[in-house]
Every structure is written in structure tokens, then in C-alpha cells.
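Asker: Next input, structure requested:
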Amino acid sequence: MLVKRFYSKSLMPGCRNQRSEFAKSLISNSHIGILLIAIFQMLLTDSTFAQELNRRIVGYYTSWSIYARDYHVTDIPAEMISHVNYAFANISPTEGAIILGDPYADIDRFYPGDSWDPDSLRGCFHQLIILKAQYPHLKTLISVGGWTWSVYFSDIALTEESRHTFAVSCAEFINEYDFDGVDIDWEYPVSGGHPDNHYRPEDRQNYTLLLEGLREQLDSLELVNNQEYLLTIAAPANPNVIANIEVELIHQYLDWINVMTYDFHGPWDGPADIVTNFNSPLYIALGDPLGEPYHSSFNLEAAIQTYLALGVPGNKLHPGLAFYGRGYGNVVNVNNGLFADYQGPSPNGTWENGVFDFWDIAENYINLNGYVAYWHDDAKVPWVYNPGMQVMVSYDDSISIAEKGLFINVIDLGGAMFWEFSADRYGLLLSSIYNELSYPSMVRNEGHRSIVPNIFKLSQNCPNPFNASTTIRFNIPEPSHIILDIYDILGRRVETLVNEQRRAGYHQAIWNADDFSSGVYFYKIQAGEYTETKKMVLLK
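Answerer: Predicted structure coming up:
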């Protein structure tokens, strides 16, 4: 069973705007009092997120985040990412050029410090420029298309003239709005996308020519501005859809490929979705009753191996991480709701039925309100099931995200992409992939799943602060007798989590603190001569 929820809205990285509000709430909460104020200040002084990124982390920011989601560019934890993909720009059906997707959100919304001068840039685009000035390592790309706005890609890719028109417009667009590149999100050439899309059999070849033309225009702009411009794509993970792209040809024009290794399954009733299943499994889920290619190919590992086999260099591949979950409705109460019959999407969700932001899952569904969390040790992902509501939700948590980060390190890929910032509004999942990719300490053996770390390491517990339970991860490079103890703030040992021989590898232990009071605790690991201690905070 997976860990129960609770993570602080203030102490996750990137929550600069929420920190002061959290502190105010502590002051007003008399039963927490001065102790938690001290804890809060103590944790803020920790330099937990000071590692240097060894790989790219690309996050999608959506224009609609500024509305009901109330998540703004200023909330982006830029210290933990390398690139922002702004979603989305659209395509003009009459001019065949890139156009603003949401003019109000993109360039007009007023933020403090903006100017009302008619020639002044406002909105998210201006905020991204400000963010880049604050974080000089950060690069931004405009993402074009997406599921809804891929309607006209086939048209603009059709002829040499239409391709040239679109490519020139993209170069002008990023030059005007100070983006560092273009991300093409054509979903999808030939077939497999939105039913309103325009499709042609020749889309497969025309996509390659479109990317070649874009690369030429960006190279020309580089000569003018003496600046590097990036060209990337969001690419499918379904092998049937991958076949509609000349993967072996396009990667020469691209800086990297963001592979959308999520939405493998959902409540859509197609041949891949006859039973409940995982949104984004890392590996094959043993017990999955589906036939091929769904059983073996609908997982992150298989998708990445497909691209590698087609000649894409590993450093040009970014697996996609889902910061959201998919919910199924009327799920039969068998196998804890997994691989079970269902009827349509769940009747609940964060913004729409059947779709759950991770922060919402963590606050309301993980071992809460009748939902029980489970873990699939083959697929390396969790799910929750409520037999009373007959709802099953497949999602990723900090542990499954870390597993995917480990895979990225071992295979030696370029980095990770995730969709999208507001779904992880307090940064728990982002901090997990950031920590994993900024600490690549492992040795690769014959198989990528036969891996061992090369040093001892005790990780920060997650979540932290926590309510009821938390996960402690530790790495050991050689077989060792492990002792993992919990101490209270007075230094008294209150519980022993591990006291046994463990093999070399990556391990975790869960501390269930239901019987303990709020406060500061410490956990200490001993493995031969190696010892390390870290602090954690229990909030109830």
C-alpha cells in the first residue's frame, strides 16, 4: 500500500507566493503555535534544492492556468527546471502562420509593474521574459498545436510554399516575443489525433520537410541575433502512431524529442481500454490482460526503446511525466479496482470528470475519503480505489516519478518533460524528478534494471512535512546490515523501521506516524561505518 497524503503547500520549492500565507495560518492556529513557526523558519533555511542539474527538465506551462487554476508564471519554480514550453500557440487557417492562442493570457493580462502603454508587452509572455532575467539559465519555447489545435498542421505542411510561410512566421514570432525556440506539438500526422483534424497519407513525409524548413529558419535567425534557437517536438508513445513519423530522419533537425509517455490508458473504451489500467506505467504491468501491442508496448520503457531503435540518440530523448491522473467510473470491485470492468470516466475530477491534478489527489484521495492507495511493483506506479464510489484513479506520485528519473539516469537520456506545472502546484513531483536528475550516482550493469548505486545515500523523506505517513529512500552500494531508526526532538529513539541485511540497490521504508504527535523528528541510518541523519516534520 502506498503512503498516505499530506505535503505542505508552503515548503515545496517554487511556492514562494504561498509561503507567507502558510506562515500566517500557523500563527492563527493556536494548537500548533510557536513550535511550528520555529519549524517553518528552520526548514526555509535549508538549502535542499541547491544541486546543479545534470540533465534537462522541460515543463509545460498552459495559458489557461491563469484563470480558475490561479497558477501564474511567477509561481514557476525556475530553480528546478531548464526549459519552459508555453502551451499553446495556434495556426491561422487562412494565413497558414503561427498566431497567439489566447491573446489576453499571452500578451495582455496586467501584472504588477506592467505598463498600460499600447506598445507595451504584458501577460504571460512578459512574465516569462522577467523570469528569464531572474534565472539566466532558463530557456523558453513556444509550443504550437496540442490536441485541440493540431487541425491545420497537415495543411501548412503540404507544400514547399506553405511550409516556408509557417516556418518564417515562427521565426518572426519567437524573435518578437523573446522565446528561445519552437516546440511543435502535432497530434498527429496521418491519423490518431482529434477527429476534427485534417489528415493526409503524405503527412508522414511532409512532417519531416516541415521540420527541415523550421530548422533552416531558426538557423538563419541565429546568424542575425547571434543566439542559439531550439527546435523540439512533442512526440507520440503509441507504436502505431510513431509509425506515422519518419523518426529516423527528423531527429537530425531537432534538439530533442519530448515523448508523451502518458495517456497510454484512460476511460475511453477503445481496444487499449477495455479494463482499468495505468495512465503512465514505467514497465510492463504483469497481470495486464490486454493483448498486443497494448500489453508489452504501452509503457514508458517500451516507447523510449522504440525511439532508440530508430536511431534517435539517447541525449535527444525526454520521457514525459504526467503530473495528473486518469479516473474510471463504475469500476467493479475486483483486484482493488485494477484491470477491472468500468463504465466511462469517474464522476469526479479536479477540473473535469476523470482528470485529477496531482495536488488534488494528494490532498483528497490518497488514503482519504474512502480511497485506498496501492502500488504495482512491476509497472512502478500507484493507483487508488474507492469501492463505495466505484472509482479507480491511476496517477504518479513522488516515488513513481523518482523511479522514472532513475530510468532516465541509467539509460543516459537527455532529461525529462512533464505536463504541466499547475497540476503539481506545490512542487512535490517536480522536486522528486529534480532531485533524481541532479544526482546521477549509479553503475550500469548488463541490463538497465540491474543497477546499483556507487555511494551510500540517505534521501530526504517525502512528503515533508507530512501527515500520518512518509517514505524514506536510501541507496546502498554493497550488501549491508541496515539499521534505520526514528528519534524525537529530545534524541529518544521512538521506532526502528529497518534492522536487517539488505542487498545493494535502491530501497525505501515507510514510517506510519499515526500514533505520534506533531513535531520535529530525525531519522538515522547505519550501514557498517556509514551513518547519516536527517530531520523531518510531522504535522497533524
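Asker: chain center to stretch 416-436: distance?
Answerer: The chain centroid and the centroid of stretch 416-436 are separated by 5 Å, computed with C-alpha atoms, centre = their mean, to the nearest Å.
Asker: pLDDT of that stretch, averaged?
Answerer: The pLDDT scores in stretch 416-436 average 94.
Asker: That stretch: end-to-end distance?
Answerer: 11 Å (C-alpha to C-alpha, to the nearest Å).
Asker: and the closest residue to Gly370 other than its chain neighbours, bridged to which residues?
Answerer: The shortest distance from Gly370 to any non-neighbouring residue, by C-beta to C-beta, 6 or more residues apart in numbering, is to Asn386 (4.6 Å). Quick note: C-beta positions are derived from backbone N, CA and C, even for glycine. Beta bridges link Asn386 to Val391 when assigned by DSSP bridges.
Asker: And Asn386, how close does it get to Ile184?
Answerer: 40 Å (C-beta to C-beta, to the nearest Å).
Asker: of these two, who's got more company?
Answerer: Counted by other C-beta atoms under 10 Å, Asn386 and Ile184 do not tie: Ile184 has more neighbours, with 25 against 20.
Asker: element containing the more buried one, please.
Answerer: strand 181-185 (DSSP states H and E).
Asker: Just checking: what are the partner strands of that strand?
Answerer: Counting by DSSP bridges, strand 181-185 is paired with strand 139-145 (parallel), strand 230-235 (parallel).
Asker: Can you give me the buried ones in stretch 71-90?
Answerer: 71-73, 75-90 (16 or more other C-beta atoms under 10 Å).
Asker: returning to that earlier point: can I get the strands paired with strand 181-185 in JSON lines including distance to Leu249 and mean pLDDT?
Answerer: Shown next, in JSON lines, are the strands paired with strand 181-185 (distance: least, C-beta to C-beta, whole Å; pLDDT from 0 to 100):
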{"stretch": "strand 139-145", "distance to Leu249": "20", "mean pLDDT": "98"}
{"stretch": "strand 230-235", "distance to Leu249": "13", "mean pLDDT": "98"}
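Asker: Mind putting these into a markdown table with mean neighbour count and distance to Pro345?
Answerer: Formatted as a markdown table, the strands paired with strand 181-185 follow (neighbours: other C-beta atoms under 10 Å; distance: least, C-beta to C-beta, whole Å):
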| stretch | mean neighbour count | distance to Pro345 |
| --- | --- | --- |
| strand 139-145 | 25 | 24 |
| strand 230-235 | 24 | 23 |
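Asker: Make TSV from those and add distance to Ile472 to it.
Answerer: Converted to TSV, the strands paired with strand 181-185 look like this (distance: least, C-beta to C-beta, whole Å):
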stretch	distance to Ile472
strand 139-145	35
strand 230-235	35
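Asker: Any idea which of these gets closest to Glu532?
Answerer: strand 139-145 (35.4 Å; C-beta to C-beta).
Asker: ok, the residue nearest to Gly370 - contacts?
Answerer: 337, 369-372, 392 (C-beta atoms under 8 Å, 6 or more residues apart in numbering).
Asker: repeat for Arg55
Answerer: Neighbours of Arg55 in contact, by C-beta under 8 Å, 6+ apart: 408-409, 413-416, 437, 440.
Asker: Now do the helices in the stretch 151-300 of the chain.
Answerer: 153-156, 160-177, 203-225, 239-242, 247-250, 294-297, 300-309 (DSSP state H, counting those that start in this stretch).
Asker: ok now the longest one, how far from the chain's centre?
Answerer: In this case it means helix 203-225. 28 Å.
Asker: Pull the contacting residues for the nearest residue to Glu532 once chain neighbours are set aside.
Answerer: Excluding its sequence neighbours, the residue lying closest to Glu532 (C-beta to C-beta, 6+ apart) is Leu458, at 4.3 Å. Each residue near Leu458 by C-beta under 8 Å, 6+ apart is listed here: 472, 474, 523, 525, 532-534.
Asker: Of those residues, just the buried ones, PyMOL syntax please.
Answerer: A single PyMOL command suffices to select whichever of these are buried according to 16+ other C-beta under 10 Å:
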select buried, resi 472+474+523+525+534
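Asker: and the contacts of Leu458, which of them are in strands?
Answerer: Using DSSP state E, 472, 474, 523, 525, 532-534 are the members of these that sit in strands.
Asker: Across the sheet, point out what pairs with the closest residue to Asp396 other than its chain neighbours.
Answerer: If the residues on either side of it in the chain are set aside, Asp396 comes closest to Ala322, at 5.5 Å by C-beta to C-beta, 6+ apart. Ala322 has these beta-bridge partners by DSSP bridges: Trp419.
Asker: Can you point out the buried residues in stretch 494-505?
Answerer: 495, 497-498, 504-505.
Asker: So Gln501, which state does it fall into?
Answerer: Using DSSP: H, G, I helix; E, B strand; the rest coil, the structure places Gln501 in strand.
Asker: Make sure it is actually in contact with Ile476.
Answerer: No. Counting by C-beta atoms under 8 Å, Ile476 is not a contact partner of Gln501; they are 10.5 Å apart.
Asker: Now the common contact residues for the two.
Answerer: With C-beta under 8 Å, 6+ apart as the test, Gln501 and Ile476 both reach Ile482.
Asker: picking up where we left off before, now the strand holding Ile184, how far from the chain's geometric center?
Answerer: So, by C-alpha atoms, centre = their mean, the centroid of strand 181-185 is 18 Å from its chain's centroid.
Asker: again, but for stretch 414-429
Answerer: So, by C-alpha atoms, centre = their mean, the centroid of stretch 414-429 is 4 Å from its chain's centroid.
Asker: can you give me the end-to-end distance of it?
Answerer: OK, stretch 414-429 end separation, C-alpha to C-alpha: 19 Å.
Asker: Can you list phi and psi of Pro289 for me?
Answerer: phi -80, psi 0 (degrees, to the nearest 10).
Asker: what's the distance between it and Pro93?
Answerer: From Pro289 to Pro93 the distance is 43 Å (C-beta to C-beta).
Asker: picking up where we left off before, what's the closest of the contacts of Leu458 to Glu176?
Answerer: Closest to Glu176, out of all of the contacts of Leu458 and judged by C-beta to C-beta, is Lys534, at 48.0 Å.
Asker: Can you give me the pLDDT of that closest one?
Answerer: 95.
Asker: Run through the helices of the stretch 351-500 of the chain in chain order.
Answerer: Under DSSP H, counting those that start in this stretch, the stretch 351-500 of the chain gives helices at 358-364, 398-411, 428-437.
Asker: Need the winner for burial among those helices.
Answerer: Stretch with highest mean neighbour count among those: helix 428-437 (a mean of 25; mean count of other C-beta atoms under 10 Å).
Asker: Show me the domain layout of the chain.
Answerer: For the chain, the structural domains run 50-325+394-444, 454-538, going by automatic domain parsing.
Asker: In a markdown table, list the ones you listed along with distance to Val355.
Answerer: Putting the domains of the chain into a markdown table (distance: least, C-beta to C-beta, whole Å) gives the following:
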| stretch | distance to Val355 |
| --- | --- |
| domain 50-325+394-444 | 6 |
| domain 454-538 | 22 |
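Asker: what's the least confident stretch among the ones you listed?
Answerer: Looking across those, the weakest by mean pLDDT turns out to be domain 454-538, at a mean of 90.
Asker: Give me the distance between Thr94 and Tyr207.
Answerer: Taken as C-beta to C-beta, the span from Thr94 to Tyr207 is 22 Å.
Asker: Comparing these two, which residue is more hemmed in?
Answerer: Ranked by neighbour count (other C-beta under 10 Å), Thr94 and Tyr207 place Tyr207 first, with 24 against 7.
Asker: burial measure for the residue nearest to that one when sequence neighbours are not counted, as a count.
Answerer: Leaving aside its chain neighbours, Tyr207 sits nearest to Pro189 (4.8 Å; criterion: C-beta to C-beta, 6+ apart). Pro189 has 28 neighbours, counted by other C-beta under 10 Å.
Asker: which residues touch Ala166?
Answerer: Just to correct that, residue 166 is Phe rather than Ala. 91, 96-98, 156-157, 210, 213-214.
Asker: Apply 7 Å and report the result again.
Answerer: Contact analysis of Phe166 by C-beta atoms under 7 Å, 6 or more residues apart in numbering lists 96-98, 156.
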